[in-house]
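S.K.: Build the 3D model from these lines:
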Amino acid sequence: MGTRRTWRRHIASDEILETGTLTTQRANSRISAFERDKGEVLVAILRNPTDFQIAQQHRWYRIPARSVQKWLRKRWPPDWIAFYHPKAFGDSAFAIHYFARVLDVRRATRATLFPQEPRGPKSDVVYFQVLLDKLERLPRPIKSRRYRRIVFIQTTWKKLIAASEINDLYDESPLEDLLYAELKRIRVPAERQEHVAIGNHEYFLDFALHCVDGDLNIETDGDFWHANPQRAPLDNLRDNDIETAGWRLLRFNGTQVREEMEEYCLPTIARSINNLGGIVQDEHAVPRRFEVSDGDAYQTDFFDEPCSRKDKGERQK
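M.R.: Residues are numbered from 1 along each chain as shown. Below you'll find the model as predicted:
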């Protein structure tokens, strides 16, 4: 079994996918800055209590190799793994309770992992067997605000230990983090990287807001992404799919997010929320609307009618 691999992110994805196991000699030869931060974390799903028992007692977890290729190859393999409990876990569902250090990663067929199973069509399916240290309980659960589908979340140790809810974990881009921090400040409950399937296409939305009269998708386009002409046809296809499925769409580029957050981005988001009837709360709460003022946006009280800029100015005199 290999030693810790805090340098893993520097190894080519193709190499990881091909070999599957990292040796002690290679681990000792390359050390990165991630060691100081305790490295990369993968949030994965324990589908049922049996999988939890395997992770806790036998100390391994499995991920189909095709899933690694599809979802995880850019930041594979992780240094740590944390486990999200879905509906099957009853009272502890929809939250992350446990994490563990990753000791090694190996290729294995299903027949190897479950030798007691009868041979069948799935016996030769290839997995990555993630070998674990002892499971540890988080100081507090990281809960999901909504009962939503979570595939995998690739994040960092710093974000894991600081997170109070699932959306705090996402680590897609600095631009998204900037906008997310501002949305949290004005208490807009945005869902990050929400999975949407439309026809044969699958999309992960930068931010999803569920409103009374429709859903709002907010996208952030980095400078390179925004200026890349090869992206235009793909963005066009994506935007058409999203809007045809009934979503309203807002896009902000890097300059707008970094330099025009309060003057443009937040007021535009607030107006869009209000035009859609406000943020959906639970069945006993009044939908949340947001007041827009010059250069800022904020939540109105549940029992106050949103005032106009003129009314607001008169009240402040």
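S.K.: tally of neighbours for Glu243?
M.R.: For Glu243, the count of nearby residues is 12 (other CB atoms under 10 Å). Where you see a C-beta, it was placed from the backbone N, CA and C, and this is true even at glycine.
S.K.: An error on my part: the question was meant for Pro118.
M.R.: The burial count for Pro118: 7, using other CB under 10 Å.
S.K.: Dihedrals phi and psi, it?
M.R.: Here is the backbone geometry of Pro118 (degrees, to the nearest 10): phi -60, psi 150.
S.K.: looking at this, Arg149 is in a strand?
M.R.: No: secondary structure assignment (DSSP: H, G, I helix; E, B strand; the rest coil) places Arg149 in coil, not in a strand.
S.K.: Check what pLDDT it gets.
M.R.: Note for Arg149: predicted pLDDT of 79.
S.K.: burial count for it?
M.R.: 11.
S.K.: Ok, the one 10 residues further on next?
M.R.: Using other CB under 10 Å, Lys159 is surrounded by 16 other residues.
S.K.: I'd guessed it sits against Ile166; true?
M.R.: No: using CB atoms under 8 Å, Lys159 is not in contact with Ile166; the gap is 11.0 Å.
S.K.: Could you list the domains of this protein?
M.R.: Per the record, the chain has its domains at 1-164, 172-317, by automatic domain parsing.
S.K.: Worst mean pLDDT among those?
M.R.: Among the domains of the chain, domain 172-317 has the lowest mean pLDDT, at a mean of 80.
S.K.: Determine the longest helix present in this protein.
M.R.: Assignment by DSSP state H gives helix 231-244 as the longest helix of the chain.
S.K.: and it, what other elements does it pack with?
M.R.: Counting contacts by 3 or more CB pairs under 8 Å, 6 or more residues apart in numbering; DSSP states H and E, helix 231-244 packs against strand 191-198, strand 201-211, strand 247-253.
S.K.: What strands line up against the first one, and which way round?
M.R.: Note on strand 191-198: by DSSP bridges, its sheet partners are strand 201-211 (antiparallel).
S.K.: rewinding a little: would you turn the helices and strands packed on helix 231-244 into JSON lines with mean neighbour count?
M.R.: JSON lines is the format used below for these (neighbours: other CB atoms under 10 Å):
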{"stretch": "strand 191-198", "mean neighbour count": "18"}
{"stretch": "strand 201-211", "mean neighbour count": "18"}
{"stretch": "strand 247-253", "mean neighbour count": "17"}
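S.K.: Let me have these in a markdown table, extended by distance to Lys38.
M.R.: Output for the helices and strands packed on helix 231-244, formatted as a markdown table (distance: least, CB to CB, whole Å):
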| stretch | distance to Lys38 |
| --- | --- |
| strand 191-198 | 22 |
| strand 201-211 | 26 |
| strand 247-253 | 32 |
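S.K.: What segments of this structure are strands?
M.R.: For the chain, strands defined by DSSP state E occupy the ranges 40-45, 60-64, 80-85, 95-109, 126-132, 136-143, 153-156, 191-198, 201-211, 214-221, 247-253, 290-293, 296-299.
S.K.: Residues in contact with the third one: which ones?
M.R.: Going back to what we said before, that points to strand 80-85. Residues outside strand 80-85 that contact it (CB atoms under 8 Å, 6 or more residues apart in numbering) are 38-46, 52, 55, 61, 92-102, 130, 132, 135, 138, 142, 144, 150, 153, 157, 160, 166.
S.K.: got it, and the fifth one?
M.R.: In this structure, residues lying in contact with strand 126-132 by CB under 8 Å, 6+ apart are 1, 20, 55, 59-66, 68, 77-78, 81, 100-110, 113.
S.K.: which of those are buried?
M.R.: By neighbour count, with 16 or more other CB atoms under 10 Å, the contacts of strand 126-132 hold 20, 55, 60-63, 65, 68, 77-78, 81, 100-106, 108, 110 as buried.
S.K.: for the longest helix of the chain, the distance to its chain's centre please.
M.R.: Using CA atoms, centre = their mean, to the nearest Å, the distance from the centre of helix 231-244 to the centre of the chain it belongs to is 21 Å.
S.K.: repeat for stretch 260-278
M.R.: Relative to its chain's centre, stretch 260-278 lies at 23 Å (CA atoms, centre = their mean).
S.K.: first to last residue in that stretch, what's the distance?
M.R.: 23 Å (CA to CA, to the nearest Å).
S.K.: Also stretch 46-60?
M.R.: 12 Å.
S.K.: And stretch 161-179, by the same measure?
M.R.: First-to-last distance for stretch 161-179 - CA to CA - comes to 21 Å.
S.K.: So which residues make contact with it?
M.R.: With CB under 8 Å, 6+ apart, stretch 161-179 has contacts from 43, 84, 96, 140, 142-145, 150, 153-156, 159-160, 180, 190-193, 206-207, 218, 220, 222, 252, 254, 257-258, 261, 265.
S.K.: which one of the strands of the chain lies closest to Gly278?
M.R.: strand 201-211 (6.3 Å; CB to CB).
S.K.: how much space between Glu172 and Pro115?
M.R.: 39 Å (CB to CB, to the nearest Å).
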